[in-house]
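1. attaching a predicted model along with its sequence, questions to come.
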Amino acid sequence: MATDTLTGPTIVGSATRAKVYKNFIDGEWVESVSGQTFENLNPADTRDLVGIFQRSVKADVDAAIAAAKRAYAKWRLVPAPRRAEIIYRAAEMLIERKEDYSRDMTREMGKVLKETRGDVQEAIDTAYYFAGEGRRLFGPTTPSELPNKFAMAIRQPLGVCGMIAPWNFPMAIPSWKLLPALVCGNTCVIKPAQDTPLSTYNLVKVLSDAGVPKGVVNIVSGFGADAGAPMLEHPDVRAISFTGSSSVGRTIGTTAAQSFKHCSLELGGKNPMIVLDDANLDLAIEGGLWGAFGTTGQRCTATSRIIVQKGVYSEFIERYVERAKQLKVGNGLDESIDMGPAINERQLISDLKYVEIGQSEGARLKCGGHRLDSGDLRHGFFMEPTVFVDVNPKMRIAQEEIFGPVVSIIPCDDLEDAIEIANNIEYGLSSALYTRDVNKAFAAMRDLYAGITYINAPTIGAEVHLPFGGTKATGNGHREGGLGAIEFYSEWKAVYVDYSDRLQKAQIDRVD
Ligand code: UN1
């Protein structure tokens, strides 16, 4: 592990030695004033205690916000290209530490190593992208309507930004939030997910090692009500960025609105993948497996509905289920494993509950549906890849976000019918279409009402320089990634310079 300097004393448990990780406030690693901690357990094997983290309370969050506010006075004046150089250095350090951080992440989050390497890589890509933005942050200059007058719009930072991160991409998603915020000149307080604080710590450690000045980035671990909620009401926090469920997002959005904070919400999904009769079926089957069971289905972008045209429906199901049964479930540190555990017991219970719901609704359980608890698996939260077929699009399993390895296969008549089913849902994050017909592909790109559409690829796999986010209950209109992030973490100021040496009244002193 490459995290020694951020730890406190080693404590000795009954079976495991675990490190104690502290909050990072004003450039110092400090304990919570609560004096309380919580355990970060490996969901693949709960005998493995990954670390002990601070159970922070409002006073810790307030201290972090105060530090961020003090640091903002100087950080906003550091030239953006200089701020960006620090982020560039962070990218290079992440490359050096990639393997250690990927292993840390698999231990705390459960997803397989090749995916956690991808998660760290996504933070690296994000760092390079926003490091480049340091020399752009473009704003328009435009002619004034009056003579001898100059007009332009410049981007200003917002101030202190509060961030609440999810557990499924515990380094990539914090990087989407922290790095554009920093390059724009903001200072940050981030609360990592309580299930996966270590990976977010590792990212903050890298930023500190790369030269981010004290107080500019602060991390406060803990639970939402104690360590997240205080940011929402604090008058010195100007922006809130949250990734998580739509129900929590609704509360966050309405609370943040009271003090007119900017608020970016990335919420749930129930992402459809359409397979038409003319699709390359081999490709669609591989894509559907990766989309549904990658990250154990724990992505907002997971493929959770596969809508298959009648001509290939039976063949698709037969071959898809055959392959799903072969997926190897286990501890993600073993390179031969395809799918890791659910993040925690509550999530596993919820996933299994949806299996019952699907059966009681009359969907046909074609494979999976059970907890896996033989041998060492009994120490983790494993379940079989689960496929329901002949699902009616109105059923709860086809409407509600499950966030587990449970996929619903739904028959459809044609593209029009498929799009109707795809769109008839509360969410609108990702979507996919498998076809060889370019006309149908373009119609779907236009008509699928979602923030992301893939053609001949599954619903997961977004790249960091494109807008990420969705429609309807998936969010509130903002986008992460690419320029959308710069839009969110800066605010426009219009600047007029009148060099006529006389009073010129806009809209009034015009020459007709
Ligand atoms: C998420 O789905 O929660 O597009 C984030 C992807 C990843 C990010 C996913 N790059 O699948």
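-> Right, received. Where do you want to start? Numbering: from 1, shown residues only.
2. contacts and neighbour counts: CA atoms only from here.
-> Will do.
3. which strand or helix spans the residue most central in space within the chain?
-> Nearest to the mean C-alpha position of the chain, by Cα atoms, centre = their mean, lies I173 at 4.1 Å. For I173, the host element (DSSP states H and E) is helix 172-183.
4. A432 reaches G461, doesn't it?
-> No - in this structure, A432 is not within contact of G461 by Cα atoms under 8 Å, at 11.3 Å.
5. who's more crowded, these two?
-> A432 (31 against 13; other Cα atoms under 10 Å).
6. is the more buried one located within a strand, as I assumed?
-> Yes - under DSSP: H, G, I helix; E, B strand; the rest coil, A432 sits within a strand.
7. so how far is P43 from it?
-> 30 Å (Cα to Cα, to the nearest Å).
8. what do you get for Q326?
-> In terms of Cα to Cα, Q326 sits 22 Å off from P43.
9. number of residues surrounding the nearest residue to Q36 once chain neighbours are set aside?
-> Excluding its sequence neighbours, the residue lying closest to Q36 (Cα to Cα, 6 or more residues apart in numbering) is R55, at 5.2 Å. Neighbourhood size, R55 [other Cα under 10 Å]: 24.
10. cool, A84 as well?
-> A84 has 27 nearby residues by other Cα under 10 Å.
11. surely it meets R136?
-> No - assessed by Cα under 8 Å, A84 is found out of contact with R136, at 10.4 Å.
12. give me the more crowded residue out of Q326 and P43.
-> Taking neighbours as other Cα under 10 Å, Q326 and P43 compare with P43 leading, 27 against 10.
13. ok, the more buried one - contacts?
-> Under the criterion of Cα atoms under 8 Å, 6 or more residues apart in numbering, the neighbours of P43 are 107-110, 341-344, 380-381.
14. would you mind listing what in the stretch 251-400 of the chain touches the ligand?
-> Applying Cα under 6 Å from any ligand atom, we find that the stretch 251-400 of the chain lies next to the ligand at 299-301.
15. now render these as TSV, adding pLDDT and neighbour count.
-> Converted to TSV, these look like this (pLDDT from 0 to 100; neighbours: other Cα atoms under 10 Å):
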residue	pLDDT	neighbour count
R299	98	24
C300	98	26
T301	98	27
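16. before we move on, the earlier item: in helices, which of the contacts of P43 appear?
-> If you go by DSSP state H, those have 107-109 in helices.
17. which one of those residues has the most neighbours?
-> That'd be M109 among these, by other Cα under 10 Å, with 31 neighbours.
18. residue boundaries of the helices in this protein?
-> Under DSSP H, the chain gives helices at 58-75, 80-109, 113-133, 172-183, 197-210, 229-233, 246-258, 281-293, 310-326, 345-361, 396-399, 415-423, 438-447, 482-488.
19. count of residues packed around M105?
-> Neighbour number of M105 under other Cα under 10 Å is 34.
20. residues touching the residue nearest to the centre of the chain, list them.
-> By Cα under 8 Å, 6+ apart, the neighbours of I173 are 123, 165-166.
21. out of those residues, flag the one nearest to the ligand.
-> P166 (8.1 Å; Cα to the nearest ligand atom).
22. mind checking pLDDT for the residue lying closest to E400 once chain neighbours are set aside?
-> Distances taken as Cα to Cα, 6+ apart place K270 nearest to E400, at 6.8 Å, with adjacent residues excluded. The score at K270 is 98. That number is its pLDDT.
23. so K270 sits right up against G428, yeah?
-> Yes - counting by Cα under 8 Å, K270 does reach G428; the two are 7.4 Å apart.
24. which residue does the stretch 301-450 of the chain have closest to the ligand?
-> Closest point on the stretch 301-450 of the chain to the ligand, by Cα to the nearest ligand atom, is T301, at 3.9 Å.
25. quick one: contacts for that residue?
-> 269-271, 429-430, 459-460.
26. wait, which of the residues you listed is closest to R117?
-> I460 (15.8 Å; Cα to Cα).
27. dump the residue contacts of the closest one.
-> Contacts of I460 (Cα under 8 Å, 6+ apart): 291, 299, 301-303, 430.
28. cool, and Y434?
-> Here Y434 is in contact with 273-276, 279-280, 284, 455-457 (Cα under 8 Å, 6+ apart).
29. what residues are bridge-paired with it?
-> Per DSSP bridges, the residues bridged to Y434 are V275.
30. run a quick neighbour tally on M163.
-> If we define neighbours as other Cα under 10 Å, then M163 has 25 of them.
31. one more: D501?
-> So D501, with other Cα under 10 Å, has 8 neighbours.
32. do the same with K114
-> K114 has 16 nearby residues by other Cα under 10 Å.
33. okay, it: pLDDT?
-> Value for K114, per-residue pLDDT: 98.
34. state the mean pLDDT of stretch 452-468.
-> pLDDT averaged over stretch 452-468 gives 98.
35. only the buried residues of it, if you could.
-> Across stretch 452-468, burial judged by 16 or more other Cα atoms under 10 Å covers 452-460, 462, 464-465, 467-468.
36. in strands, which of these fall?
-> If you go by DSSP state E, the buried residues of stretch 452-468 have 452-455 in strands.
37. got those residues as CSV, with distance to the ligand columns?
-> Listed next are those as CSV, based on distance: Cα to the nearest ligand atom, whole Å:
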residue, distance to the ligand
I452, 9
T453, 11
Y454, 11
I455, 14
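38. how about those residues in JSON lines, adding distance to P180?
-> What follows is these, written out as JSON lines (distance: Cα to Cα, whole Å):
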{"residue": "I452", "distance to P180": "21"}
{"residue": "T453", "distance to P180": "24"}
{"residue": "Y454", "distance to P180": "25"}
{"residue": "I455", "distance to P180": "29"}
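39. quick one: which of those residues is nearest Q309?
-> I455 (15.9 Å).
40. would you agree the closest one is in contact with S430?
-> No - contact criterion Cα under 8 Å: I455 and S430 do not qualify, at 11.3 Å.
41. where does pLDDT dip in the stretch 1-150 of the chain?
-> 1-17 (pLDDT under 70).
42. at 90 what do you get?
-> By pLDDT under 90, the weakly predicted segments of the stretch 1-150 of the chain are 1-18.
43. could you check which residue of it lies nearest the ligand?
-> Closest point on the stretch 1-150 of the chain to the ligand, by Cα to the nearest ligand atom, is E122, at 7.0 Å.
44. dump the residue contacts of that residue.
-> Contacts of E122 by Cα under 8 Å, 6+ apart are 172, 464.
45. distance of the closest residue to E480 other than its chain neighbours from R238?
-> Nearest residue to E480, sequence neighbours excluded (Cα to Cα, 6+ apart): F468, at 5.0 Å. Distance of F468 to R238, given as Cα to Cα: 22 Å.
46. what do you get for D60?
-> Taking Cα to Cα, one finds D60 at 18 Å from R238.
47. so which of these two has more stuff around it?
-> Neighbours per residue (other Cα under 10 Å) separate D60 from R238, with D60 holding more: 26 against 22.
48. which ones are touching the closest residue to the more buried one other than its chain neighbours?
-> In space, and not counting its chain neighbours, D60 is closest to S32: 6.1 Å by Cα to Cα, 6+ apart. S32 makes contacts with 22-23, 54-57, 60, as judged by Cα under 8 Å, 6+ apart.
49. just the buried subset of those residues, please.
-> 22-23, 54-57, 60.
50. pLDDT on stretch 339-355, on average?
-> Here the average pLDDT along stretch 339-355 is 98.
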